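A.B. asks: could you look at this predicted model? Sequence included:
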Amino acid sequence: MLDVILHGSINFVELASSSGILPALPAACLILEQIWNSVEQVKVNKERCKVLRARCIYIFITIRDNAQGLEQTVLNQTIEDFITTIKGIHSSMNKWADWNSLKSFVKNDEITMEIERNMGQLDACCQNFQIATSLQLFSLSTQMDEAREFDKRELKNMMLTMLENQEELREDMGLLLVNMEKFTDVMKTFQLELRSHEVGSTTHRNISRGLLGMQQASGQLPPIAFLEGHECSIVNPTPIAGGAVYDVYEGLWLGEEKVAVKALRSSKASGDNVRRFNRQVDIWHRMKSKYILRFYGVATLPGTTSFYLVSPWCENGDAPKYLKRNPNADRLKLILEIAYGLRYLHSQNPPIAHGSLQGSNVLIGDGGGALLADFGLAKALEDLTAVPFTQSTGANGCYRWMAPELHEDGGQMTLKSDIYSWAMTALELYSDKVPYSRIKMPGSVVMEVALGRKPERPKAGTNTGNTTGGREGIEIPDRLWNLLVQCWARDATQRPTIQELIAELEDMKRQGSIFMEM
């Protein structure tokens with residue numbers, strides 16, 4: 001009988017007519033027939049829905065066959081509870097049957113929980129028939145376990161089918177975006193599935209396109225920051241740039257988007273250092289601001305213990321190079337946007353210090369806006385490579401931008417040291433020269449700073465060597481220069497906060513006290 005209920009067909013007319021002297025059961029039989037039909041239209045968890053409807057029918061038959069053994073009041077209450085339960089199940093089945101494939105996929109967990117709740121309600125309905133039903137219900141529980149595994153496989157097949165139709169997926173994207181937590185779960189499911197297929201296969205390409213479409217529509221990154229070589233590939237084995245401990249390559253993200261891949265040349269870290277680096281990766285991945293360069297993820301290079309870091313490609317390059325090519329760009333806008341980026345980092349809980357701010361760590365987006373990059377990277381690189389962070393940016397090092405307290409043994413990067421570095425970066429972008437440009441040896445800069453000597457105030461037109469044909473640098477007016485000097489205070493407590501800094505810059509802009517190039 002149980003096998004017929006699960007896999008065969010039911011004559012509901014005969015079932016209703018067999019109800020005998022129980023007038024409420026034919027109405028229940030009609031609901032069961034509606035449940036039967038609705039289950040056939042359900043898109044996900046169909047096998048579990050079939051087990052659920054079989055349980056409904058079996059309990060109906062159990063009530064019918066054992067009614068004479070119950071006291072009338074108990075029997076009436078049992079039938080009333082059963083009808084209330086199956087009405088709720090019918091309502092759920094109808095709702096699920098109306099959902100399209102994507103909505104069904106998104107709400108799969110909701111459906112699963114509702115099925116489990118319904119099963120518990122049905123069990124409560126048959127508590128007066130424990131001996132008569134226990135063996136059969138145990139068999140149905142076994143069937144439910146088997147159905148669960150079958151539904152998992154079917155859910156995966158549905159996902160792959162959806163990803164083959166990119167246009168339909170884009171049209172239904174709004175459904176996903178309503179619930180960002182669920183949206184993230186779906187992206188994670190796709191990302192994990194991506195890793196089970198061969199790179200370059202049709203399925204791998206479909207999943208990659210689906211993930212990229214979701215990322216572009218939502219601004220959300222695939223949630224797993226630790227990559228496994230399926231999300232990103234290096235396009236050209238020849239690096240396009242590099243530092244003391246890493247090379248930068250052109251890469252491809254999810255098969256389509258051009259990205260920058262920063263590959264560390266070696267890694268000597270283990271244990272606690274790696275754990276600290278992993279925590280930093282999680283922080284990088286969470287950061288989302290229009291003034292912060294997104295961080296897509298990190299992975300180990302094939303056959304090595306070295307890491308590569310993935311971030312968006314910025315065609316405009318870094319801020320100093322951008323200004324060389326575009327000398328008439330709005331420099332106030334850039335230094336203000338850099339300050340906005342710092343404000344975002346400093347407002348996190350706990351606050352985040354950038355730690356290595358300088359012009360080369362400010363990239364320019366497609367719209368000409370400043371994007372802070374590599375915050376926290378210097379210390380992370382020191383952990384992983386055993387190379388002091390002052391060496392990690394190449395020949396010039398970080399000394400020119402570093403606050404004086406960082407030159408001392410045990411000096412810690414703080415929000416106030418970021419303020420100092422911001423002012424040096426502003427000077428760099430206004431002058432088109434690195435701070436203390438007359439001093440060739442970075443180590444000698446440390447002596448200048450130790451003696452309390454500030455950088456020279458540049459004058460417009462004094463720079464030379466501009467190969468673009470335009471002038472280098474613009475004059476820094478008094479009010480801005482005075483602000484920079486405040487930021488260079490040797491006593492870190494005397495430097496402005498990022499909020500005070502931004503307020504002053506915004507007021508300068510409103511008052512027009514900073515020369516804006518035409």
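C.D. replies: That came through, no problem.
A.B. asks: what's the spacing between the nearest residue to residue 360 once chain neighbours are set aside and residue 170?
C.D. replies: The shortest distance from residue 360 to any residue other than its chain neighbours is 4.9 Å, reached at residue 318 (C-beta to C-beta, 6 or more residues apart in numbering). The way it works is simple: take the backbone N, C-alpha and C, and place the C-beta from them, glycine included. Computed as C-beta to C-beta, to the nearest Å, the residue 318 to residue 170 distance reads 34 Å.
A.B. asks: check residue 202 too.
C.D. replies: As judged by C-beta to C-beta, residue 202 and residue 170 stand 19 Å apart.
A.B. asks: what about the two, which has more around it?
C.D. replies: Using other C-beta atoms under 10 Å as the criterion, residue 202 and residue 170 rank with residue 170 on top: 14 against 11.
A.B. asks: tell me which residues touch the more buried one, please.
C.D. replies: Residue 170 makes contact with 213, 217, according to C-beta atoms under 8 Å, 6 or more residues apart in numbering.
A.B. asks: show me how far whichever strand or helix holds it is from its chain's centre.
C.D. replies: Residue 170 belongs to helix 166-171 when assigned by DSSP states H and E. Here helix 166-171 is found 21 Å from its chain centre; the criterion is C-alpha atoms, centre = their mean, to the nearest Å.
A.B. asks: over to stretch 51-64?
C.D. replies: For stretch 51-64, the distance to the chain centre is 45 Å (C-alpha atoms, centre = their mean).
A.B. asks: repeat that for stretch 337-356.
C.D. replies: That offset, for stretch 337-356, works out to 19 Å (C-alpha atoms, centre = their mean).
A.B. asks: so what would you say the end-to-end distance of that stretch is?
C.D. replies: This stretch, stretch 337-356, spans 17 Å end to end (C-alpha to C-alpha, to the nearest Å).
A.B. asks: residue ranges of the strands in the chain, please?
C.D. replies: 232-234, 241-242, 246-253, 257-264, 297-300, 307-312, 362-364, 370-372 (DSSP state E).
A.B. asks: mean pLDDT for the ones you listed: which is lowest?
C.D. replies: Looking at the strands of the chain, the lowest mean pLDDT belongs to strand 241-242 (a mean of 82).
A.B. asks: check which helices and strands it sits against.
C.D. replies: If you count contacts as 3 or more C-beta pairs under 8 Å, 6 or more residues apart in numbering; DSSP states H and E, strand 241-242 packs onto strand 246-253.
A.B. asks: follow-up on the earlier one: and the residue nearest to residue 360, how many residues sit next to it?
C.D. replies: Neighbour number of residue 318 under other C-beta under 10 Å is 19.
A.B. asks: now do the same for it: its pLDDT.
C.D. replies: pLDDT, residue 318: 96.
A.B. asks: report the beta-bridge partners for it.
C.D. replies: Residues in a beta bridge with residue 318, per DSSP bridges, are residue 363.
A.B. asks: touching, it and residue 358? I think so.
C.D. replies: No: using C-beta atoms under 8 Å, residue 318 is not in contact with residue 358; the gap is 9.3 Å.
A.B. asks: show me what contacts residue 103?
C.D. replies: With C-beta under 8 Å, 6+ apart, residue 103 has these contacts: 172, 175.
A.B. asks: show the pLDDT at it.
C.D. replies: 83.
A.B. asks: again with residue 35
C.D. replies: Taking residue 35 on its own, its pLDDT is 94.
A.B. asks: before we move on, the earlier item: and residue 60, which of the strands of the chain is closest to it?
C.D. replies: strand 297-300 (53.3 Å; C-beta to C-beta).
A.B. asks: what is that closest one packed up against?
C.D. replies: Short answer (3+ C-beta pairs under 8 Å, 6+ apart): strand 297-300 packs on helix 272-286, strand 307-312.
A.B. asks: swap the cut-off to 10 Å and go again
C.D. replies: Applying 3 or more C-beta pairs under 10 Å, 6 or more residues apart in numbering; DSSP states H and E, we find strand 297-300 packed against strand 232-234, strand 257-264, helix 272-286, strand 307-312.
A.B. asks: include distance to residue 223 when you put those into CSV, please.
C.D. replies: CSV is the format used below for the helices and strands packed on strand 297-300 (distance: least, C-beta to C-beta, whole Å):
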stretch, distance to residue 223
strand 232-234, 15
strand 257-264, 17
helix 272-286, 8
strand 307-312, 15
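A.B. asks: make JSON lines out of those and add mean neighbour count and distance to residue 476.
C.D. replies: Shown next, in JSON lines, are those (neighbours: other C-beta atoms under 10 Å; distance: least, C-beta to C-beta, whole Å):
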{"stretch": "strand 232-234", "mean neighbour count": "18", "distance to residue 476": "41"}
{"stretch": "strand 257-264", "mean neighbour count": "21", "distance to residue 476": "31"}
{"stretch": "helix 272-286", "mean neighbour count": "15", "distance to residue 476": "33"}
{"stretch": "strand 307-312", "mean neighbour count": "22", "distance to residue 476": "31"}
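A.B. asks: nearest to residue 220, of those?
C.D. replies: Nearest of those (C-beta to C-beta): helix 272-286, 11.0 Å.
A.B. asks: buried sites along stretch 489-505?
C.D. replies: Using 16 or more other C-beta atoms under 10 Å as the test for burial, stretch 489-505 gives 489, 495-496, 498, 501-502, 504-505.
A.B. asks: could you list the residues in contact with that stretch?
C.D. replies: Residues outside stretch 489-505 that contact it (C-beta atoms under 10 Å, 6 or more residues apart in numbering): 332, 335-336, 339-347, 351, 403-405, 414-420, 422-423, 426, 449-450, 452, 454, 479-480, 482-483, 486-488, 514.
A.B. asks: does residue 141 touch residue 51 like I think?
C.D. replies: Yes: Residue 141 lies in contact with residue 51 (C-beta atoms under 10 Å); the separation is 8.8 Å.
A.B. asks: intersection of neighbour lists for the two?
C.D. replies: Listed as contacting both residue 141 and residue 51 by C-beta under 10 Å, 6+ apart are residue 119.
A.B. asks: between the two, which one's more packed in?
C.D. replies: Taking neighbours as other C-beta under 10 Å, residue 141 and residue 51 compare with residue 51 leading, 25 against 13.
A.B. asks: which ones are touching that one?
C.D. replies: With the criterion set at C-beta under 10 Å, 6+ apart, residue 51 makes contact with 5-6, 39, 45, 115, 119, 140-148.
A.B. asks: same check on residue 248?
C.D. replies: Residue 248 touches 239-242, 260-263, 308-309, 311, counting by C-beta under 10 Å, 6+ apart.
A.B. asks: which one of those is nearest residue 88?
C.D. replies: After measuring the contacts of residue 248 against residue 88 - C-beta to C-beta - the closest member comes out as residue 311, at 50.0 Å.
A.B. asks: that closest one against residue 365, yeah?
C.D. replies: No: using C-beta under 10 Å, residue 311 is not in contact with residue 365, being 11.8 Å away.
A.B. asks: what sits in contact with each of the two?
C.D. replies: 293, 371.
A.B. asks: mind giving me the domain split of this protein?
C.D. replies: If you go by automatic domain parsing, the domain ranges for the chain are 2-163, 165-218, 232-511.
A.B. asks: quick one: residue 195 from residue 423, how far?
C.D. replies: Distance from residue 195 to residue 423, by C-beta to C-beta: 45 Å.
A.B. asks: these two: who's more crowded?
C.D. replies: Neighbour totals were compared for residue 195 and residue 423, and residue 423 leads with 29 against 15 (other C-beta under 10 Å).
A.B. asks: measure residue 337 to residue 502 for me?
C.D. replies: 10 Å.
A.B. asks: and residue 166, by the same measure?
C.D. replies: Relative to residue 502, residue 166 is positioned 42 Å away (C-beta to C-beta).
A.B. asks: which residues of this structure score low on pLDDT?
C.D. replies: Scanning the chain for pLDDT under 70 picks out the ranges 1-8, 19-21, 128-140, 244, 266-270, 301-305, 382-397, 460-472, 513-518.
A.B. asks: what number of residues lie near residue 44?
C.D. replies: Around residue 44 there are 23 residues (other C-beta under 10 Å).
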